[in-house]
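*Asks:* could you look at this predicted model? Sequence included:
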Amino acid sequence: MSQLVPQDKFAPSEVSFGAGALSGSYDDFTQNDAVEAYMFRLGINCFDTSPYYGRSEYVLGDALQTISKEFPRQHYYISTKTGRFGYTTKDFDFSAKKTYESVEKSMNRLHTDYLDVVYCHDVEFVPMENIVGPGGALEALFNLKAQGKVKYVGISGYPLDVLLKIAQYQFEQKNQPLDIILSYCHYTLQNTKLADYAPKLRKAGVKYIMNASPLCMALLREGKTPDWHPAHKELREAADKAAVVTREQYGLAISDLASRFSFQGKDEIGINSTLIGLARKSEVQDALRCWRDGKERKENSEKENQAYALIFKLLEPYKNYSWQSPTTKELAQ
């Protein structure tokens, strides 16, 4: 049975539900499988979404409402975002006015009168002043925090140096440190830069660090990496080879190994939760299976260690490589 979440601190489950997949492309499962009571019983209590994710907020809000008698609002955390409303840089708006409007609309879609976390979404896409300056998004979010409509204020994005720069500015110049940051694809089998940045972020007053996409946006999974992936061709091919060889030589799935590696970030560098984009009930069960397996066994098997060694060898030429963000296409006006 799910427990009431603490009201005086943010205590997310070690595995968080990434609701980006509930964009509207999976209508055959969303209403039934998106958020069922089994998730709460298995331990998930944190759900992440965004206005940018199509119909995700609507689907998540409706699904949570259907089980509200058994699991009222106090049983889970909801995090959403503001500022990004489309694919290219022209679709961003981090003004205070838009931030207030966005948060209000998100609360309506999610059927709640408060949000646990609101992030400024993909902060690297705009000048930093748009985020931290007067009349900007963070000013508005901290005002909403003072009103009790938002519990924790944060930022999300890909380049770690941008996240750190904003965190340091808020701490040193504004005396108003960020509560939380959401990083993605930076504590994976391919890239562990978050390990270097986590202490710096803590020093800048950030209390909570969320790590998203242990599968590195479908790079570390079975099957060919999607052509849209922003990594260069050589890295995509190396990851595809690693997936095939891991399966053929060791009978293991690279997605399981990648998930388990990222989950270990909680103990290794103090990650508060690993956020995984989930679409179907089976995916939730697989993620939780990997997490529990790692918690129960602690040590890897000899076969797993051999598989990890092979994967690291294949990915070594691209270790800690970070792609451009925004990409050239996203910069289009």
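*Replies:* In hand now; what should we look at? Numbers count the residues shown, from 1 in each chain.
*Asks:* so how far is Y100 from Y321?
*Replies:* 39 Å (C-beta to C-beta, to the nearest Å). Where C-beta positions appear, they are placed from N, C-alpha and C, glycine not excepted.
*Asks:* between these two, who's got more neighbours?
*Replies:* Y100 (17 against 14; other C-beta atoms under 10 Å).
*Asks:* mind listing the strands for the stretch 201-333 of the chain?
*Replies:* 208-212, 273-277 (DSSP state E, counting those that start in this stretch).
*Asks:* tell me the angle of the first one relative to strand 273-277?
*Replies:* Think strand 208-212. 30 degrees (axes from the mean of the first three to the mean of the last three C-alpha atoms, to 10 degrees).
*Asks:* tell me what strand 208-212 is packed against?
*Replies:* If contacts are counted by 3 or more C-beta pairs under 8 Å, 6 or more residues apart in numbering; DSSP states H and E, strand 208-212 sits against strand 180-184, helix 194-203, strand 273-277.
*Asks:* repeat that for the last one.
*Replies:* Contact here means 3+ C-beta pairs under 8 Å, 6+ apart; on that basis strand 273-277 packs against strand 15-18, strand 46-48, strand 208-212, helix 254-263, helix 265-269.
*Asks:* by mean pLDDT, show me the worst of the strands of the stretch 201-333 of the chain.
*Replies:* Among the strands of the stretch 201-333 of the chain, strand 273-277 carries the lowest mean pLDDT, a mean of 93.
*Asks:* so which of the strands of the stretch 201-333 of the chain comes closest to V59?
*Replies:* Among those, the nearest to V59 by C-beta to C-beta is strand 273-277 (13.8 Å).
*Asks:* what segments of the stretch 1-150 of the chain are helices?
*Replies:* Here the stretch 1-150 of the chain has its helices, by DSSP state H, counting those that start in this stretch, at 30-33, 37-42, 56-66, 96-109, 128-132, 137-147.
*Asks:* how about those in a markdown table, adding distance to Q306 and mean pLDDT?
*Replies:* Shown next, in a markdown table, are the helices of the stretch 1-150 of the chain (distance: least, C-beta to C-beta, whole Å; pLDDT from 0 to 100):
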| stretch | distance to Q306 | mean pLDDT |
| --- | --- | --- |
| helix 30-33 | 35 | 52 |
| helix 37-42 | 30 | 76 |
| helix 56-66 | 39 | 91 |
| helix 96-109 | 46 | 98 |
| helix 128-132 | 45 | 98 |
| helix 137-147 | 47 | 98 |
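*Asks:* neighbours of R289, just the number please.
*Replies:* If we define neighbours as other C-beta under 10 Å, then R289 has 14 of them.
*Asks:* got it, and E104?
*Replies:* Neighbours of E104 (other C-beta under 10 Å): 12.
*Asks:* weakest of the helices and strands packed on strand 208-212 in terms of mean pLDDT?
*Replies:* strand 273-277 (a mean of 93).
*Asks:* helix or strand with the lowest mean pLDDT in this structure?
*Replies:* The weakest-scoring helix or strand in the chain, judged by mean pLDDT, DSSP states H and E, is helix 30-33 (a mean of 52).
*Asks:* biggest strand in the chain by residues?
*Replies:* strand 150-157 (DSSP state E).
*Asks:* who's in contact with the most centrally placed residue in the chain?
*Replies:* Most central residue of the chain, judged by C-alpha distance to the mean C-alpha position with C-alpha atoms, centre = their mean, is A212 at 3.3 Å. Residues near A212 by C-beta atoms under 8 Å, 6 or more residues apart in numbering: 18, 48, 182-185, 274-277.
*Asks:* now N130
*Replies:* Applying C-beta under 8 Å, 6+ apart, the residues contacting N130 are 92, 94-95, 136-137.
*Asks:* which of those ranks first by neighbour count?
*Replies:* A137 (31 neighbours).
*Asks:* distance check, the closest residue to that residue other than its chain neighbours against T82.
*Replies:* Using C-beta to C-beta, 6 or more residues apart in numbering and skipping the chain neighbours, the partner closest in space to A137 is F94 (4.0 Å). Separation of F94 from T82 (C-beta to C-beta) stands at 8 Å.
*Asks:* and for L110?
*Replies:* L110 is 13 Å from T82, by C-beta to C-beta.
*Asks:* higher neighbour count, the two?
*Replies:* T82 (27 against 23).
*Asks:* want to throw the contacts of A212 into JSON lines with neighbour count and distance to Y77?
*Replies:* Listed next are the contacts of A212 as JSON lines, based on neighbours: other C-beta atoms under 10 Å; distance: C-beta to C-beta, whole Å:
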{"residue": "G18", "neighbour count": "24", "distance to Y77": "13"}
{"residue": "D48", "neighbour count": "28", "distance to Y77": "9"}
{"residue": "L182", "neighbour count": "24", "distance to Y77": "13"}
{"residue": "S183", "neighbour count": "25", "distance to Y77": "18"}
{"residue": "Y184", "neighbour count": "22", "distance to Y77": "18"}
{"residue": "C185", "neighbour count": "24", "distance to Y77": "22"}
{"residue": "T274", "neighbour count": "25", "distance to Y77": "14"}
{"residue": "L275", "neighbour count": "26", "distance to Y77": "12"}
{"residue": "I276", "neighbour count": "27", "distance to Y77": "15"}
{"residue": "G277", "neighbour count": "21", "distance to Y77": "17"}
